[in-house]
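K.L.:
need a 3D model of the following:
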Amino acid sequence: MRWCFALRLKWIVRHVLVVILCSVMIMASFWQWQRLDDKRHYRDLVQARQAAPRQDIVTVVPDEPAVAGALYRSVDATGTYAASDTFVVENRSLNGASGAWVLTPLLLDAGDAVVVNRGFVGFDREGEIVPPTPPAGRVRVEGLVYPSQERGRFGPKDPPEGTLSVLARVDLDRLARQVDYRVVPAYVQLVSSDPPEPIGDPTMPVLVALGTPEPDLGTHLAYAVQWGIFTIIAGGGYLLLLRRVAEEEGKELD
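P.N.:
Numbering: from 1, shown residues only. Down below sits the predicted model:
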């Protein structure tokens, strides 16, 4: 009889709320585990493709259907930078500093061009982004293949027309509209170049190559365990509460 209180309406409502709360926390824990698995898969994919022998960009990414299989591969490309077509991708950060990526098309011998992410540059003293001039003449670039970026459900939009020097993302289709040569459907994140990037004005922000990424698994494991602990605390605590109330009900009956 002492447990009859649990069938009262107010307690039934509490049962339902606790079950919903625990269910949400369990789903949050499983979601964090899934995100951790995704990060591990991405890390393993990047590391495996980086370990493959370096090849020429035209061989690795000959056309659009080949892009997915070429992502994160080590490649090299030789050509001449189209310095006048340099653009920056704004709202980027590196080691806590705000700035932009500097990208310049590299004109290849075949007549195509591959966009090279030459690195990150911060704001100058006037609060402006001034992209450094790329090396002149013939340049050999070594780097990693990355996909063209697309706008998600949210985020800034770039004007569809006109010649832009500042973009919200590495949108190769948008860039291709403002140049008179074919753009390879993937870009290269620079690791090194020969000749190297010019030193430039020492008073200006330094261009920092992004180099080889080191995929971070993040804090998903800690969050998954944390949500699991919260679930145990909520569920166990509620059961202890029910037991205490039942004991008090039993004393009153005695």
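K.L.:
please count neighbours and contacts with C-alpha atoms only from this point.
P.N.:
OK.
K.L.:
tell me what the helix or strand hosting residue 228 is packed against?
P.N.:
Per DSSP states H and E: residue 228 is located in helix 220-253. Applying 3 or more Cα pairs under 8 Å, 6 or more residues apart in numbering; DSSP states H and E, one finds that helix 220-253 contacts helix 9-51.
K.L.:
please pull up the helix or strand immediately following the helix it packs on.
P.N.:
Following helix 9-51 toward the C-terminus (DSSP H and E): strand 55-56.
K.L.:
so what are the sheet partners of that following strand and their directions?
P.N.:
If you go by DSSP bridges, strand 55-56 pairs up with strand 74-81 (parallel).
K.L.:
quick one: mean pLDDT over the strand it pairs with.
P.N.:
Mean pLDDT, computed over strand 74-81, is 91.
K.L.:
tilt between that strand and helix 9-51?
P.N.:
With axes from the mean of the first three to the mean of the last three Cα atoms, to 10 degrees applied, the angle from strand 74-81 to helix 9-51 works out at 70 degrees.
K.L.:
quick one: strand 74-81 to chain centroid distance?
P.N.:
In terms of Cα atoms, centre = their mean, to the nearest Å, the centre of strand 74-81 is found 24 Å from the chain centre.
K.L.:
touching it from outside, list them.
P.N.:
Strand 74-81 is contacted by residues 49-58, 60, 104-109, 134-145, 188 when judged by Cα atoms under 8 Å, 6 or more residues apart in numbering.
K.L.:
which residue ranges of the stretch 101-250 of the chain form strands?
P.N.:
Secondary structure of the stretch 101-250 of the chain (DSSP state E, counting those that start in this stretch): strands at 113-122, 138-146, 166-167, 187-194.
K.L.:
distance of residue 191 from residue 237?
P.N.:
Per Cα to Cα, to the nearest Å, residue 191 is found 54 Å from residue 237.
K.L.:
check residue 197 too.
P.N.:
From residue 197 over to residue 237 (counting by Cα to Cα), the distance is 62 Å.
K.L.:
quick one: which of these two has more around it?
P.N.:
Taking neighbours as other Cα atoms under 10 Å, residue 197 and residue 237 compare with residue 197 leading, 18 against 12.
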